[in-house]
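Asker: Model the following, please.
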Amino acid sequence: MSIENLLLVLSTSITGTLVAIGGTITFIYAFRRKNRLIFLFSAMWLSYALFWFIDAAAHYFYSIPLMALAIVPQLIGIPCIIIFIELSRKEHVSPIKISILMIIEALVFIITFYVPDNWEIIPGYGIHNKGVLRIAQIIYIFYFMIFYFLWSFHTWRKAPSDLKRLTSYLLFGSTIFSIVTGVMYAIGSFIKTFNAIGFFINGIGAFITILVILKDPRIIYILPFKAYRILVVDTIASVALFKYDWAKAGEVEENIFTMMIQAIGSVLDDILKKGVVQEIQMDRAVLLINHNKENSIASVLIASKSSKSLRYGLKRFNEEFVRRFQRTLESSRKVSDFNEGLKVVEQVFDFVPSYKSEII
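Answerer: Modelled structure (predicted):
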């Protein structure tokens, strides 16, 4: 085994191992939190780990079929991370972005398996892709890495002061993992040594990200916009049973606010006969409402915008709140009896940062 071949096999194996560790950590975290979106993040890392291991084997055995097979886990993992990024800050995945990705993936797949003369076996080095396949892969990698970098950048930019340092490490690691690795891979088209350098750099970026995740797993799932307040209201008595603020909101008496929401819901239901209100949109905020008719309560969340992650969190919060306070809801319903609702907030909304020094 030559030095160049050894470097390729080592760099891809080490990076694969580090990425597999990151995928395992996030999978365990997703399982414990019962969070389906984080499973997508974990799926990307685990898929990329498989890609790196197959890539290492292809270089070691000088096998073109193995190198072609390595693209399959990439084609699975990249859509997972893009869907994760989209749904963590929006209600739906952008059809334009996902369509562009599907077109690029289809081209990469066709060129990889059906267009000949895009691979070469270099003795003492390994397998090197070239021509139109190399160009397609560079475009594919940069499309993915722009998403990945922007995700970490927005996480850093929107993070509160107490998480700024940690998100700075995440941004640094993600930049190395994505943009720097992509540039090295592009240069590797002409100077093959840069391929191994790029793979090592990718591993360093993965290692930094792992350290950040180990320090605080919430960092990968931090909400990229503001959630201001959550309320649990008695829909019969129009009383706020519980309130928690992530940011300083305008001073509004909770019971008046509750009665207003109840009034709006009742009027609309009487006129339209279309059921309960689940969302109220404003210019710079949105009210998400999750009802529990059996216990005559509703959880109301105020945020600067909505997303699938926030809506799912509200649903889980409502379910956990009912489970924890079932006996209390069936008896006294004194506001003081629901103070431990904070534990439910911390359990379910651990991805929502606090901005209590700011005002709406």
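Asker: Could you check how far the residue in the chain sticking out farthest from the centre is from residue 80?
Answerer: In the chain, residue 123 marks the outermost C-alpha relative to the chain mean, sitting 41.1 Å out by C-alpha atoms, centre = their mean. Per C-beta to C-beta, to the nearest Å, residue 123 is found 37 Å from residue 80. Glycine gets a C-beta too; all of them are placed from N, C-alpha and C.
Asker: same thing with residue 104?
Answerer: Here residue 104 is placed at a distance of 15 Å from residue 80 (C-beta to C-beta).
Asker: right, and the helix or strand after the least confident helix or strand in the chain by mean pLDDT?
Answerer: When each helix and strand of the chain is scored by mean pLDDT, DSSP states H and E, helix 254-272 comes last, with a mean of 54. Proceeding N to C from helix 254-272, the next assigned helix or strand is strand 279-281, under DSSP states H and E.
Asker: For the chain, which segments are assigned as strands?
Answerer: 119-122, 126-129, 227-234, 239-245, 247-248, 279-281, 286-292, 297-303, 355-359 (DSSP state E).
Asker: Save those as a markdown table, and put in mean pLDDT, mean neighbour count and distance to residue 333 too.
Answerer: Formatted as a markdown table, the strands of the chain follow (pLDDT from 0 to 100; neighbours: other C-beta atoms under 10 Å; distance: least, C-beta to C-beta, whole Å):
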| stretch | mean pLDDT | mean neighbour count | distance to residue 333 |
| --- | --- | --- | --- |
| strand 119-122 | 93 | 14 | 70 |
| strand 126-129 | 92 | 22 | 66 |
| strand 227-234 | 86 | 24 | 6 |
| strand 239-245 | 87 | 19 | 7 |
| strand 247-248 | 74 | 18 | 28 |
| strand 279-281 | 78 | 12 | 25 |
| strand 286-292 | 87 | 19 | 13 |
| strand 297-303 | 88 | 23 | 9 |
| strand 355-359 | 57 | 12 | 28 |
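Asker: who does the longest helix belonging to the chain touch, helix- and strand-wise?
Answerer: Ranked by number of residues, the top helix in the chain under DSSP state H is helix 3-33. Secondary structure elements in contact with helix 3-33, counted by 3 or more C-beta pairs under 8 Å, 6 or more residues apart in numbering; DSSP states H and E, are helix 36-61, strand 126-129, helix 193-215.
Asker: Now do the second one: everything it contacts.
Answerer: If you take C-beta atoms under 8 Å, 6 or more residues apart in numbering as the criterion, strand 126-129 is touched by 4-5, 8-9, 58-60, 62-64, 67, 118-122, 137, 192, 195.
Asker: Would you mind giving me the ChimeraX syntax to select the buried ones in these?
Answerer: Filtering the contacts of strand 126-129 down to the buried ones (16 or more other C-beta atoms under 10 Å) takes a single ChimeraX command:
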select :4,5,8,9,58,59,60,62,63,67,118,119,137,195
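Asker: quick revisit: just tell me which of the helices and strands packed on helix 3-33 ends up closest to residue 152.
Answerer: Distance to residue 152, taken as C-beta to C-beta, is lowest for helix 193-215 among these, at 8.6 Å.
Asker: That closest one packs against which elements?
Answerer: helix 3-33, helix 164-175, helix 181-187.
Asker: Try it again at 10 Å.
Answerer: Applying 3 or more C-beta pairs under 10 Å, 6 or more residues apart in numbering; DSSP states H and E, we find helix 193-215 packed against helix 3-33, helix 36-61, strand 126-129, helix 131-158, helix 164-175, helix 181-187.
Asker: Dump these into CSV; add distance to residue 239 as well.
Answerer: Below are these laid out as CSV (distance: least, C-beta to C-beta, whole Å):
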stretch, distance to residue 239
helix 3-33, 31
helix 36-61, 33
strand 126-129, 66
helix 131-158, 34
helix 164-175, 38
helix 181-187, 55
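Asker: Nearest to residue 340, out of those?
Answerer: helix 3-33 (19.6 Å).
Asker: buried residues in that closest one?
Answerer: 4-5, 7-23, 25-27, 29-30, 33.
Asker: what mean pLDDT does it have?
Answerer: Helix 3-33 carries an average pLDDT of 91.
Asker: Report the angle between that helix and helix 36-61.
Answerer: With axes from the mean of the first three to the mean of the last three C-alpha atoms, to 10 degrees as the basis, helix 3-33 and helix 36-61 are set at 160 degrees to each other.
Asker: just how off-centre is helix 3-33 within its chain?
Answerer: 18 Å (C-alpha atoms, centre = their mean, to the nearest Å).
Asker: same check, this time on stretch 170-183
Answerer: 17 Å.
Asker: can you give me the end-to-end distance of it?
Answerer: End-to-end distance for stretch 170-183: 19 Å, by C-alpha to C-alpha, to the nearest Å.
Asker: From what I see, residue 74 and residue 67 are in contact.
Answerer: No - using C-beta atoms under 10 Å, residue 74 is not in contact with residue 67; the gap is 11.8 Å.
Asker: overlap in contacts of these two?
Answerer: Residues touching both residue 74 and residue 67 by C-beta atoms under 10 Å, 6 or more residues apart in numbering: 54-55.
Asker: Can you give me the domain boundaries for this protein?
Answerer: 3-221, 227-359 (automatic domain parsing).
Asker: looking at those domains, which has the lowest confidence?
Answerer: Note on the domains of the chain: domain 227-359 shows the lowest mean pLDDT, a mean of 78.
Asker: how far out from the middle of the chain is it?
Answerer: For domain 227-359, the distance to the chain centre is 24 Å (C-alpha atoms, centre = their mean).
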